[in-house]
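Undergrad: Predicted model follows, preceded by the sequence.
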Amino acid sequence: MKKQSLVDEGVGVNRRSFITAGVLGAGALAGLTRTGLGSAVPIAASELPGIAEKSNSRQTLCGPMIPLVTNYNRDLSLDLGAYKENLRYLMDHGIRTGQGAFLVGGAGGDFPMLTVQERTALAHAAAEVTNGKVPLVLSAQTTDIRVSQELGRVAEDLGLYAVQMGPPYYFHPSDDDVVRFYQAASAGLKKSGLMVYNTFWEGYNMSFEVLDKLLELDRVLSLKWASPNGNLDYLRGVARYGDRIAVIDNTDAWPITAMAGGAGFISHMASVLPEHCVQLLKLTQAGKYKEALDSMRAVDWDWEEFRGVMAGRTAGEAPTVKASLELCGRPGGPSRPPSRSLTDEERSALRKVLVKIGAPVV
C-alpha cells in the first residue's frame, strides 16, 4: 500500500485516513537529497528544566515523542505494572531528556476510552518511573474544558513538562471558540507548558492566524503539527514557528521537518525500537538527512504500512504497537473496545515485518 499525500481537492480527511496515508507520505520524501533547508540547527541534550518555557522547549521536546500505549489486564482494568515495565525499557534503551519525550494518555494510549481517574493514574505512574529524567506530556484532549483544567492541575502537581490539547470537537468550533478554549486551559498553568495539537481530521483545521494568537499565550510552547493543505503549508508551519517553540512532526516526515527547523517527531515505532529513533535524531543533528531518510525507509515504512492496513480493520492506534511489543517479548495486552487485538493471522504477518526490519522478535 503506497502512502499518499492528502492534498487532493475535495478529499475528506479523518483520523483513519490520516494514519493510513500520512500527510507528506513516503513519496514526498523519496527524492530528498538536499542537506540544508531553513535555519535548523542541532539541539543539544539538556537537563529537564524546573519550569517549562518557550525558551527551553526546543531543547526539551527534542527527538522522538513516544505515544505510550496503555496496558490493560484481562478484565480491561489498567495494568500499571506492565505500563511501568515498558517505560523502564524505553529509558534503558536511550530515551531521556534531549533525545526523547513521553506522551501520556494520548490517542496512542486510548484517551477516548479512559476515565479522568485513569488518565491521572497513568500520569502518576509515568512520573514515578521517569523521576525527572524524561519530559512528560500529558494528553488533556477533551470536549469539556473542566477536564482539561483538571488534568492541567495534575501536570502541575506532578511537575510534568506540558499538557497536550487539540481544539474542541464534536460541535464545530469557531476560531474565537478555539482561542478562548486554549486561554481557559492555559490560565491555571504556572510551571507546565501547553502543546497545541492540530487535529484537523476532527473537523477544525488551525489557520496560521489562529496559531499566531495562541502563541501569544505565555504557556504555549509547542505545536504538534500536521496540515491537510499540502506539503508546502506543512513546511511553512514548521518554518514559521520552529525558531520560537518546539514544533513536533506528526506526519512521519522527520528528516525534512528537521531541515525546516522542527524539534521532534511523533513515533509509534519508538515504542518498539527506541534506539533506532534516537539514531534518527542524531543523524539529523549531524546534518545527515539522507542517511536518516534511508534508515526510515529500511525500518519505519513497512511497519507503518502494516499499521495503516490495521487502521482499516479496527479502531485506535495501539493494536499494532501492542502486538509488536508482545512479539518482542514485552508487555502489550488486550485492547479496549471498539479496538481489538490482532488475530493469529495478522500477528503472523506482523512478525514477518518485524523480522525484516530487525526488531528483536522472540
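TA: The structure has been received and is ready for your questions.

Undergrad: What residues does the residue nearest the centre of the chain make contact with?
TA: Note on the chain: the residue nearest the mean C-alpha position is residue 266, at 3.4 Å, using Cα atoms, centre = their mean. Counting by Cβ atoms under 8 Å, 6 or more residues apart in numbering, residue 266 touches 64, 65, 67, 103, 224, 248, 249, 250. In short, each C-beta sits where N, CA and C put it, glycine included.

Undergrad: can you rerun that using 10 Å?
TA: Each residue near residue 266 by Cβ atoms under 10 Å, 6 or more residues apart in numbering is listed here: 64-67, 101, 103, 106-108, 224-226, 248-252, 254.

Undergrad: cool, residue 284 as well?
TA: 40, 42-43, 63, 254-259, 262, 265, 291-293.

Undergrad: Pull out the buried positions in the helix or strand hosting it.
TA: Using DSSP states H and E, residue 284 sits within helix 274-285. By 16 or more other Cβ atoms under 10 Å, the buried positions in helix 274-285 come out as 274, 276, 277, 278, 279, 280, 281, 283, 284, 285.

Undergrad: From residue 203, how far out is the closest residue to residue 207 other than its chain neighbours?
TA: With Cβ to Cβ, 6 or more residues apart in numbering as the criterion, residue 207 has its nearest non-adjacent residue at 7.2 Å, and that residue is residue 175. Distance, residue 175 to residue 203, by Cβ to Cβ, to the nearest Å: 13 Å.

Undergrad: just the strands in the stretch 251-362 of the chain please.
TA: Ranges of strands in the stretch 251-362 of the chain, per DSSP state E, counting those that start in this stretch, are 264-266.

Undergrad: Apologies, that question was intended for the stretch 1-150 of the chain.
TA: Using DSSP E, counting those that start in this stretch, strands in the stretch 1-150 of the chain cover 63-67, 101-104, 136-139.

Undergrad: Show me what the second one pairs with in its sheet, parallel or antiparallel.
TA: In the sheet, strand 101-104 lines up against strand 63-67 (parallel), strand 136-139 (parallel) (DSSP bridges).

Undergrad: Mean pLDDT, mean neighbour count and distance to residue 121 added to those strands, as TSV?
TA: Output for those, formatted as TSV (pLDDT from 0 to 100; neighbours: other Cβ atoms under 10 Å; distance: least, Cβ to Cβ, whole Å):
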stretch	mean pLDDT	mean neighbour count	distance to residue 121
strand 63-67	98	28	17
strand 136-139	98	28	12
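
Undergrad: Out of these, which is closest to residue 239?
TA: strand 63-67 (19.5 Å; Cβ to Cβ).

Undergrad: from the contacts of residue 284, which single one is nearest residue 324?
TA: The closest of the contacts of residue 284, once distances to residue 324 are taken by Cβ to Cβ, is residue 265, at 18.3 Å.

Undergrad: how far does stretch 86-105 stretch from start to finish?
TA: 14 Å (Cα to Cα, to the nearest Å).

Undergrad: list the buried ones in it?
TA: 86-87, 89-91, 94-105.
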